[in-house]
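1. Build me a structure from this.
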Amino acid sequence: MKSVKEILSDTKTIAVIGISDKPNRDSGSIAKFLLDKGYNVVGVHPTLKDVFGIKVYKSLDEIPHKIDLVNVFLASEKIPEIIPSVEKLSPKYLWLQLGVRNDNAVKLLIEKGVEVIQDKCIAVEYRISISNRE
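-> Numbering: from 1, shown residues only. This next block holds a predicted model:
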């Protein structure tokens, strides 16, 4: 398994599932943080079209280009619902945000070679792994 620094350095495009336009929600502010750090970020939300200048798709299946990392802001019990779409998108990495973990649901992806990070905040890990070393 690669280190967090290697994963974040290897990643160019990120899909944020559960992106929100509500200022008090981490999913929108972290998506904007990643955009500001130079990543190509798209959102996934059933009703939003744009969040902080980030294009939002209704589902992972609608994203027309390659995604390196899928970053998930959903409850742990909802993870099985997204696995088929993640598998079809075939990213290098699946990142479940802090407080999100579902070992059974991600097992298939791990077997298919997707590296999975669970229960960690991508923004915190970026600050620890990348920002502190810049």
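2. pretty sure E125 is in a strand, no?
-> No. Using DSSP: H, G, I helix; E, B strand; the rest coil, the secondary structure at E125 is helix, not a strand.
3. That one touches V4, doesn't it?
-> Yes. Taking contacts as C-beta atoms under 8 Å, E125 lies within contact range of V4: 4.8 Å. C-beta coordinates here come from the backbone N, C-alpha and C atoms, glycine included.
4. Show me where this structure has its strands.
-> Here the chain has its strands, by DSSP state E, at 13-17, 40-44, 50-51, 54-57, 69-72, 93-96, 115-117.
5. Could you dump those strands into JSON lines and include mean pLDDT?
-> Below are the strands of the chain laid out as JSON lines (pLDDT from 0 to 100):
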{"stretch": "strand 13-17", "mean pLDDT": "98"}
{"stretch": "strand 40-44", "mean pLDDT": "98"}
{"stretch": "strand 50-51", "mean pLDDT": "94"}
{"stretch": "strand 54-57", "mean pLDDT": "97"}
{"stretch": "strand 69-72", "mean pLDDT": "98"}
{"stretch": "strand 93-96", "mean pLDDT": "98"}
{"stretch": "strand 115-117", "mean pLDDT": "97"}
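6. Buried deepest among these, which one?
-> Greatest average neighbour count among the strands of the chain goes to strand 69-72 (a mean of 26), per mean count of other C-beta atoms under 10 Å.
7. How far off centre is that one?
-> Between the centre of strand 69-72 and the centre of its chain there are 2 Å (C-alpha atoms, centre = their mean, to the nearest Å).
8. cool, stretch 27-36 as well?
-> Put simply, stretch 27-36 sits 11 Å off its chain's centre (C-alpha atoms, centre = their mean).
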